[in-house]
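Engineer: Fold the following and give me the result.
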Amino acid sequence: MKALLSLLMLTLAWSGRAQSWCTPGATWNYNVQGMFIQGTALYSYEGDTMLDGYNAQKIRRDERLLSWWLNLETPDTLEQVTWRYTSLVDSVLLLRNLSGTEWDTLHAFNSVIGSRWWPPFTDGFCDAGSTGMMVVVDTGTVAHDGIALRSWTLDFVDFDDEPYGWEFNFTERLGPQFGFDLLPWPCIISEMGEALRCYHDDEMEVVVVDGPFGCLSVTGVDEVSDPRVAVHPNPGTDRFSLNLPSGSHTVEVRDISGKLVHHTTLMHGMPVDASSWLPGTYLVRLPELGRSFRWVKQ
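Structural biologist: Sure, this is the predicted structure:
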């Protein structure tokens, strides 16, 4: 099993403490952002069940999206319900793929700095040794509503076998910052991704990206279609600007290969100088807002 093979590369440091995952009432609300698509995905823990010999956690996923694929003026509303299954085996959290044919490592609660494993179901995806693996670069503890939770800072391994520079978190209860279905960024730029907006269970509520709607809200995907956040003109030439909420925001831009070409802090309306960039497609990310855009330089 690929999940077990992945674990051979982990540095084990089990502390004897029980993991905190899928507690009663656990609900995750993610922003969903893609090329011509944006919306929300609400994950709700429904209980445990036996599946493929595992004691599995059944998690319902309600997806509600706006899509501009067919009409740039009037988006279509897309709704879909699927189920995801996880299973905690000792200190390893396994994820079942959507086709129900395989389990793989989503997270290792016994991992320490330097521990590595593949994003679920992507073993060897980059066809370049360890490139694309996830690596733990830091560990710590955070407290929410008086409850201490362990947290891991992860990154991807680049082509030089070093951290890629795009850090993200996995925290007990809160789970993966950017969703259950990560792809290895060093060799692919995903057309679509998720970013944790808020988490709720019977004991706590954690807001990661603040907004006017409650953590359980999936009413109208306008909540992630914030007109204050946009890039223009698009396509453009030597510069573009960002419509942003008040305050300063971190902005990073990567080319189609994933190489970081620009990193700065901007406020609303401040221009980005792209005069030295080659024509092509670029990914503009606002990590603090959990948003990303494709910008085309002509």
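Engineer: Sketch out the low-pLDDT regions of this structure for me.
Structural biologist: 1-19, 71-73, 189-191, 209-228, 256-258, 290-292 (pLDDT under 70).
Engineer: can you give me the helices for it?
Structural biologist: Secondary structure of the chain by DSSP state H: the helices cover 2-7.
Engineer: quick one: contacts for the spatially closest residue to S275 that is not a sequence neighbour?
Structural biologist: Spatially, and ignoring its direct neighbours in sequence, S275 is nearest to D238 (4.1 Å; CB to CB, 6 or more residues apart in numbering). In short, each C-beta sits where N, CA and C put it, glycine included. By CB atoms under 8 Å, 6 or more residues apart in numbering, the contact list for D238 reads D273, A274, S275.
Engineer: Among those, which one is most surrounded by other residues?
Structural biologist: A274 (19 neighbours; other CB atoms under 10 Å).
Engineer: which residue is nearest the centroid of the protein?
Structural biologist: F178 (1.1 Å; CA atoms, centre = their mean).
Engineer: residue boundaries of the strands in the stretch 1-150 of the chain?
Structural biologist: 27-34, 37-51, 54-67, 76-89, 92-96, 103-108, 116-117, 134-144, 147-156 (DSSP state E, counting those that start in this stretch).
Engineer: can I get those strands in a markdown table with distance to N169?
Structural biologist: As requested, these are exported to a markdown table (distance: least, CB to CB, whole Å):
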| stretch | distance to N169 |
| --- | --- |
| strand 27-34 | 13 |
| strand 37-51 | 17 |
| strand 54-67 | 19 |
| strand 76-89 | 17 |
| strand 92-96 | 15 |
| strand 103-108 | 11 |
| strand 116-117 | 16 |
| strand 134-144 | 9 |
| strand 147-156 | 6 |
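Engineer: how many neighbours does the residue nearest to A128 when sequence neighbours are not counted have?
Structural biologist: Once flanking residues are discounted, A128 sits nearest to F159: 6.1 Å by CB to CB, 6+ apart. Neighbourhood size, F159 [other CB under 10 Å]: 15.
Engineer: isn't F159 right next to G132, touching?
Structural biologist: No: counting by CB atoms under 8 Å, F159 does not reach G132; the two are 9.4 Å apart.
Engineer: hey, what's in contact with both of the two?
Structural biologist: Common neighbours of F159 and G132 (CB under 8 Å, 6+ apart) are P186.
Engineer: if I pick G124, what's in contact with it?
Structural biologist: W118.
Engineer: returning to that earlier point: out of the strands of the stretch 1-150 of the chain, the one nearest C126 is which?
Structural biologist: strand 147-156 (9.4 Å; CB to CB).
Engineer: So what are the sheet partners of that closest one and their directions?
Structural biologist: Take DSSP bridges as the rule and strand 147-156 pairs in its sheet with strand 134-144 (antiparallel), strand 168-171 (antiparallel).
Engineer: Hey, what's the angle from that strand to strand 103-108? Just curious.
Structural biologist: 120 degrees (axes from the mean of the first three to the mean of the last three CA atoms, to 10 degrees).
Engineer: what does strand 147-156 rub up against?
Structural biologist: Against strand 147-156 from outside (CB under 8 Å, 6+ apart): 20, 107, 109, 111, 132-143, 163-174, 184-186, 203-204.
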